[in-house]
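Trainee: model the structure of this input:
(2 chains)
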Amino acid sequence: MENLNETTAHVVEVVSDMKDIPVGAVNIRENGVSAFHKDSDHVKIVKKTDKPGIDIYVDAESKNEIVHIPVVVSKPGLEDKVYNDFYIADGASCYIVAGCGLHNDSEHITRHDGIHTFHIGKNAKVSYIEKHYGEGTGTGAKILNPVTNVYLGEGSNLTMDMIQIEGVDSTVRDTFVEMEADSKMTVTEKLMTHDNQKAESNMEIKLKGDGATARIISRSVAKDKSLQIFHPKAIGDAKCHAHVQCDSIIMGDAVVSSIPEITASNVDAQLIHEAAIGRINNDQLIKLRTFGMNEEEAEAVIIENFLK
Amino acid sequence: MLKVENLSYKVNENGKDIKILEDISFDVADGELLVVTGPNGGGKSTIAKVLMGINEATGGKVYLNDTDISNLSIDERAKAGIGFAFQQPPRFKGMTVRRFLALAAGEKLKENVCCDLLSSVGLCAKEYINREIDATLSGGEMKRIEIASVMAKSHILSIFDEPEAGIDLWSFSMLVKQFEKMHEEKKGSIIIISHQERIIKMADRIMVIRDGKVAGIGSQEEMFPKLFSDERMSFDCPAGKGDA
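Mentor: Numbers count the residues shown, from 1 in each chain, chains lettered A, B, ... in the order given. Here you go, the predicted structure:
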């Protein structure tokens, strides 16, 4: 980490909890180029030759091997686009941390579009966490527009946590998933917006094989004059099960649209959706105040836990 | 000790004042257990909420250890030493039982301390400690966690609003034992709002509230026989009135 400047090191720590170079495979992308790279026993990271980005190969021998691929954009005016493809072999298991942080002290737009594609083999198991974060004193917008494509092989299992911590002015997140028989996926999306920030999340999960199971959980807090739009869509083409749950806390003058959609083309598909938007429950505030917290402290605790 | 003088609480509905509590006066000595009972809709839960500052009294004074706390907010009263268990506790999405109990205690709690607290209210601790306080918990489980949250900290005065509601018989027996233990240890004063005979029988004193007024107050020996024989203290509820 000594090769990284202070800003990059700080952002890397926020988005991927890295204080030092961790065990496992690592690729740190800083302002459009690789600032650090290492492979591990069963994970090879290869730079693409036709476009910006990397290919990550996790071989069948990998058992819970860890991959860190944080991205930092701190150069004023830089609009970075990267293609990262993950190839997870049949039977492999791994844990992937892919945070992205923007630092902007300028009046120019800073932007990162990460296009991630997962090819998850039969019976493979993947845990993926992605944190998004923005900081800086500039007036220039901090924009993150991630695209995530996932192909889940038979019997595979994916746990995906996508978290927007704070400071991102605008984000449009598109997620596409195709699930083969007996594959399982849990996607948890947590998002906080404030001031005039905008966040849109579109998700399409196709359950193509019998026994496929998907659980989509979205929790968000919209403050001030921010805007959030959620459009998770589950499509059941087989004897499958999907549960979509969207919960939002709305505060101030924020606007939240939650539009869960389920479509079945098989009589044995079981698809459920729930969506709720509301202010912080007054009984929750009162309960925490009986613990000695003032209203602001109680509110902060409720939000922190809701998004945890 | 707690001293309540001429406490009143009224609400305005359609321009008309409705008295919920009227001229309530009583005290609770250090280490004393006072059970507040009476018919539904009489104002028992409202007394508890006014003492905690959740409902703002429209008249009267409340003193805790000789300090006037009448104008203190909920959190200020909590800091002054009052703990409160709700009759219908709220749920918190994303918050674990362990975190909830730590917030109640005002400090990080070791796992064994959390487990002891949960066990004391009849919950198998290991199963619950990392669960979220959300809709997956039953009403009875929520109620027991709520009670444990008050027990997580030493209070000058602990108030329990109908702790028995929604709790199965086996857990209720454990709960009664826990209240007995708290009372024996005399670590603080306790007010329990209850209709349950076993809880009423634990009381040092019993106060009966009916139609927003004190219908009677006295020692357990004195009051208990009167509860079902004295018409003024009867639990028969006038038709059409709900819980207050």
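
Trainee: which of the helices and strands in chain B ranks last by mean pLDDT?
Mentor: Least confident helix or strand of chain B, by mean pLDDT, DSSP states H and E, is helix B:125-128 with a mean of 82.

Trainee: can you map out the helices along the stretch 201-308 of chain A?
Mentor: Taking DSSP state H, counting those that start in this stretch, the helices of the stretch 201-308 of chain A run over residues A:282-289, A:295-306.

Trainee: and chain B, which residues reach chain A?
Mentor: B:52, B:54, B:73-75, B:78-79, B:82-84, B:86, B:89-90, B:92-95, B:99, B:103-104, B:106, B:149 (C-beta under 8 Å from any C-beta of the partner chain). Placement of C-beta: from N, CA and C, glycine included.

Trainee: from the residues you listed, list the buried ones, please.
Mentor: B:52, B:54, B:74-75, B:78, B:82-84, B:86, B:89-90, B:92-95, B:99, B:103-104, B:149 (16 or more other C-beta atoms under 10 Å in any protein chain shown).

Trainee: measure residue B:133 to residue A:123 for me?
Mentor: 35 Å (C-beta to C-beta, to the nearest Å).

Trainee: now for the least confident helix or strand of chain B, which elements pack on it?
Mentor: Here helix B:125-128 touches helix B:111-120, going by 3 or more C-beta pairs under 8 Å, 6 or more residues apart in numbering or on different chains; DSSP states H and E.

Trainee: tell me which of the buried ones among the residues of chain B next to chain A fall in helices.
Mentor: B:52, B:74-75, B:78, B:99, B:103-104, B:149 (DSSP state H).

Trainee: need these in TSV with pLDDT and distance to residue B:115, can you?
Mentor: Listed next are these as TSV, based on pLDDT from 0 to 100; distance: C-beta to C-beta, whole Å:
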residue	pLDDT	distance to residue B:115
B:52	98	28
B:74	98	29
B:75	98	28
B:78	98	25
B:99	95	15
B:103	97	17
B:104	97	15
B:149	96	15
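
Trainee: how about the residues you listed in CSV, adding distance to residue A:114?
Mentor: Below are these laid out as CSV (distance: C-beta to C-beta, whole Å):
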residue, distance to residue A:114
B:52, 50
B:74, 46
B:75, 43
B:78, 46
B:99, 32
B:103, 36
B:104, 41
B:149, 42
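
Trainee: closest to residue A:200 among those?
Mentor: Nearest to residue A:200 among those is residue B:99, at 31.0 Å by C-beta to C-beta.

Trainee: the closest one contacts residue A:306, correct?
Mentor: No. Using C-beta atoms under 8 Å, residue B:99 is not in contact with residue A:306; the gap is 11.9 Å.

Trainee: partner residues bridging the residue nearest the centre of chain A?
Mentor: By C-alpha atoms, centre = their mean, chain A has its centre lying nearest to residue A:162, at 2.2 Å. Judged by DSSP bridges, the bridge partners of residue A:162 are residue A:130, residue A:189.

Trainee: what residues are up against it?
Mentor: A:129-130, A:132, A:148, A:173, A:175, A:187-190 (C-beta atoms under 8 Å, 6 or more residues apart in numbering or on different chains).

Trainee: if we can go back for a sec, what's the most distant pair in the ones in helices among the buried ones among the residues of chain B next to chain A?
Mentor: B:52 and B:99 (22.1 Å).

Trainee: and for the one residue in the stretch 51-200 of chain A that gets nearest to chain B, the neighbour number?
Mentor: For the stretch 51-200 of chain A and chain B, the shortest gap (C-beta to the nearest C-beta) falls at residue A:190, measuring 9.0 Å. Counted with other C-beta atoms under 10 Å in any protein chain shown, residues neighbouring residue A:190 total 19.

Trainee: what do you get for residue A:265?
Mentor: When neighbours are counted by other C-beta under 10 Å, residue A:265 registers 9.

Trainee: what are the phi and psi angles of it?
Mentor: phi -120, psi 20 (degrees, to the nearest 10).

Trainee: for residue B:141, same thing?
Mentor: Taking degrees, to the nearest 10, you get phi -60, psi -40 for the backbone angles of residue B:141.

Trainee: who's in contact with it?
Mentor: Neighbouring residues of residue B:141 by C-beta under 8 Å, 6+ apart: B:123, B:128.

Trainee: next up, the contacts around the residue positioned nearest the centre of chain B.
Mentor: In chain B, the C-alpha closest to the average C-alpha coordinate belongs to residue B:160, at a distance of 1.9 Å (C-alpha atoms, centre = their mean). Residue B:160 sits next to B:85, B:147, B:150, B:179, B:190-194 when contact means C-beta under 8 Å, 6+ apart.

Trainee: mind listing what's buried along the helix or strand hosting it?
Mentor: Per DSSP states H and E: residue B:160 is located in strand B:157-161. Going by neighbour count (16+ other C-beta under 10 Å), the buried part of strand B:157-161 is B:157-161.
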